[in-house]
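Student: quick check, what structure comes out for this input:
(one chain, ligands or ions: 1)
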Amino acid sequence: MVDKPMSNHRSRFPFSINKLIFWSLISLAVILFFFVGSPPSTATTTTSSSHSRRSLRGGPQWQTSVIRSSTPSNPKGLRVLVTGAAGFVGSHVSVALKRRGDGVVGVDNFNRYYDPSLKRSRADLLTREGVFVVEGDINDSSLLKSLFKLVKFTHVMHLAAQAGVRYAMKNPSSYIHSNIAGFVNLLETCKSVNPQPAIVWASSSSVYGLNSKVPFSEKDRTDQPASLYAATKKAGEEIAHTYNHIYGLSMTGLRFFTVYGPWGRPDMAYFFFTRDILKGKQIQIFEGAEHRSVARDFTYIDDIVKGCLGALDTAEKSTGSGGKKSGPAQLRIFNLGNTAPVPVGKLVSILEKLLKVHAKKKVVAMPRNGDVPFTHADISLAKKEIGYKPGTDLEKGLNKFVTWYLAYYSNESGKKDRLSSW
Ligand SMILES: O=C(O)[C@H]1O[C@H](OP(=O)(O)OP(=O)(O)OC[C@H]2O[C@@H](n3ccc(=O)[nH]c3=O)[C@H](O)[C@@H]2O)[C@H](O)[C@@H](O)[C@H]1O
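Tutor: Numbers count the residues shown, from 1 in each chain. Next comes the predicted model:
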């Protein structure tokens, strides 16, 4: 290839007023494109109902939103940073805290593990409740630092996680990213700030793995995880111990047992069974060895929320400051279950009754993909220490879920409007 002589280029654009105007317009277009047209990489979406309001992270409008949202309306209220605030449990807990007068700021990365529009709808409701949700990842140290620089959070309710037992075989690294790296990143920030917040976080019933002693007690062994999800939650419990031991962080882990309810997760069986039954699509009911039914200690969301608030209210202060421990700090683990395991077949028959549709069922052997045959919580410790007392049975809870589901996925705007309240 032969280079063309420079003079050729010059001759095409002889110096003139036209050339000056041409290059001025090009420069202006470039400036407009980079500084106005496309949002800067640090821009963060506020969870406005239109999703279109944007405020520059760290900018004055953003700072005002964070400070306003974190200020308790009750003088004795907590200042809580809720991670995973647009998630199922996170959104319910955030609303409950805000309504009783606590200050709440949410963080959520709005990832695509399941339909992000459902997360956006939850976040819209949080906006209406006065909870500001920052769009960002718990692995982003500078974001966490800027939040703690603005607000002296008294507590962190850490609910951001990669959930789902079976998905861990499809995307193992997402579990490491959120449940291990993200958790460590959050604790690194929390241990360094002054004052250190108390941390309450979501562990899982899945840590009991292949444990066969029932009901599952916090004293039972948890060293036989059946899924990578369970292994990362168990690792989280060990990581919590380390940060408590070295830095004096007050740590409370909550082992949730198959939480369900309105605004739930579409990847969970009760949710997609409902969808598939209504569509007339076949559903698979897993069964264990020797045709034994598979059962879960399904726990209703409102009961879980009460458990989370009980844990926050009884959490003692962390003892360290600026990365140094000055004495032993509280370290707790509680089961939050319903103490009433129900076979999956029974769950399906309740849904059939509520939906008034006969399900197309196929019973299949439980695949070896991380599932465990049953779960059953002993909740006596949570009852004694944090006043946890679940009050919703599966039939009552599923009734509330189905009512929400039909309204949310209905095209009738009248029904949708009723969802504007939580
Ligand atoms: O307690 C937890 O810590 C976990 O709870 C939840 O896991 P699980 O208890 O496994 O719930 P979920 O998937 O709804 O399956 C329910 C039942 O349906 C059975 N199941 C499932 C799928 C199917 O097609 N057929 C079927 O019978 C299946 O065998 C099971 O018996 C959370 O997802 C998880 O993130 C974590 O929080």
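Student: where does the prediction get shaky in the stretch 251-400 of the chain?
Tutor: Applying pLDDT under 70 to the stretch 251-400 of the chain flags no residue at all.
Student: got the residues of this structure near the ligand?
Tutor: Residues of the chain lying close to the ligand by C-beta under 6 Å from any ligand atom are 163-165, 204-206, 256-258, 268-269, 284-286, 294, 296, 344, 366, 371. For every residue, glycine as well, the C-beta is placed using N, CA and C.
Student: in PyMOL, select just the buried ones from those residues.
Tutor: Buried subset of the residues of the chain next to the ligand, written as a PyMOL selection, criterion 16 or more other C-beta atoms under 10 Å:
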select buried, resi 163+164+165+204+205+206+256+257+258+268+269+284+285+286+294+296+344+366+371
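Student: and the longest helix for the protein?
Tutor: With secondary structure taken from DSSP state H, the chain has its longest helix at helix 228-247.
Student: which helices and strands sit right next to the following helix or strand past that helix?
Tutor: As assigned by DSSP states H and E, the chain's next helix or strand after helix 228-247 is strand 251-256. With contacts defined as 3 or more C-beta pairs under 8 Å, 6 or more residues apart in numbering; DSSP states H and E, the packing partners of strand 251-256 are strand 198-204, helix 228-247, helix 301-314, strand 331-336.
Student: which of the ones you listed sits most buried?
Tutor: Burial of those is given as mean neighbour count (mean count of other C-beta atoms under 10 Å); strand 198-204 ranks first at a mean of 27.
Student: now do that strand: distance to the chain's middle.
Tutor: 12 Å (C-alpha atoms, centre = their mean, to the nearest Å).
Student: who are the packing partners of that strand?
Tutor: In terms of contacts (3+ C-beta pairs under 8 Å, 6+ apart), strand 198-204 is packed against strand 155-158, helix 183-192, helix 228-247, strand 251-256, helix 301-314.
Student: report the angle between that strand and helix 301-314.
Tutor: If you take axes from the mean of the first three to the mean of the last three C-alpha atoms, to 10 degrees, strand 198-204 sits at 150 degrees to helix 301-314.
Student: can you dump the C-alpha atoms of strand 198-204 in CSV for me?
Tutor: Listed next in CSV are the C-alpha coordinates belonging to strand 198-204 (Å, rounded to 0.1, in the frame of the first residue of the first chain):
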residue,chain,number,x,y,z
ALA,A,198,-23.5,-3.1,63.5
ILE,A,199,-24.1,-5.5,60.6
VAL,A,200,-27.1,-7.8,60.1
TRP,A,201,-26.9,-10.0,57.0
ALA,A,202,-28.6,-12.8,55.2
SER,A,203,-27.2,-16.3,55.5
SER,A,204,-29.3,-19.2,54.4
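Student: would you mind measuring from the residue most central in space within the chain to T154?
Tutor: The chain has G84 as the residue nearest its centroid, 3.1 Å off, counting by C-alpha atoms, centre = their mean. G84 is 19 Å from T154, where distance means C-beta to C-beta, to the nearest Å.
Student: need the nearest residue in space to G310, chain neighbours excluded.
Tutor: Closest residue to G310 apart from its sequence neighbours, by C-beta to C-beta, 6 or more residues apart in numbering: I386 at 3.5 Å.
Student: ok, that neighbour touching F334?
Tutor: Yes. The criterion here is C-beta atoms under 8 Å, and I386 meets it with F334 at 6.5 Å.
Student: I350 sits in which helix or strand?
Tutor: Here I350, judged by DSSP H and E, is contained in helix 344-355.
Student: chain center to that helix: distance?
Tutor: Put simply, helix 344-355 sits 27 Å off its chain's centre (C-alpha atoms, centre = their mean).
Student: give me the buried positions along that helix.
Tutor: 344, 347-348, 350-351, 354-355.
Student: stretch 353-365 now?
Tutor: Across stretch 353-365, burial judged by 16+ other C-beta under 10 Å covers 354-355, 359, 361.
Student: other residues contacting it?
Tutor: Residues outside stretch 353-365 that contact it (C-beta atoms under 8 Å, 6 or more residues apart in numbering): 273-274, 276-278, 280-287, 345, 348, 351-352, 398-399, 402.
Student: let's go with 7 Å and repeat that
Tutor: 274, 277-278, 280-287, 348, 352, 398-399, 402 (C-beta atoms under 7 Å, 6 or more residues apart in numbering).
Student: do the same with stretch 143-161
Tutor: The contact list for stretch 143-161 (C-beta under 7 Å, 6+ apart) reads 58, 63, 66-67, 70, 78-84, 87, 89-90, 93, 105, 107-108, 136, 138, 178-179, 182, 186, 189-190, 193, 195, 197-202, 308, 312, 315.
Student: ChimeraX command to pick out the buried ones of these?
Tutor: Selection of the buried residues among the contacts of stretch 143-161 in ChimeraX, burial being defined by 16+ other C-beta under 10 Å:
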select :63,66,70,78,79,80,81,82,83,84,87,89,90,93,105,107,108,136,138,178,179,182,186,189,190,193,197,198,199,200,201,202,308,312,315
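Student: next up, phi/psi of the one residue in the stretch 1-150 of the chain that gets nearest to the ligand, please.
Tutor: Nearest residue of the stretch 1-150 of the chain to the ligand, counting by C-beta to the nearest ligand atom: V89, 9.1 Å away. The phi and psi values for V89, taken as degrees, to the nearest 10, are phi -70, psi -40.
Student: so it makes contact with V259?
Tutor: Yes. If you go by C-beta atoms under 7 Å, V89 and V259 touch, sitting 6.1 Å apart.
Student: shared neighbours of the two, anything?
Tutor: With C-beta under 7 Å, 6+ apart, V89 and V259 have common neighbours I304.
Student: spell out the secondary structure type for the residue lying closest to G58 once chain neighbours are set aside.
Tutor: Distances taken as C-beta to C-beta, 6+ apart put S146 closest to G58, at 5.8 Å, once the chain neighbours are dropped. Here S146 is recorded as helix under DSSP: H, G, I helix; E, B strand; the rest coil.
Student: how many residues are close by S146?
Tutor: 18 (other C-beta atoms under 10 Å).
Student: which regions of the stretch 51-200 of the chain lie under the pLDDT threshold?
Tutor: Applying pLDDT under 70 to the stretch 51-200 of the chain flags residues 51-55.
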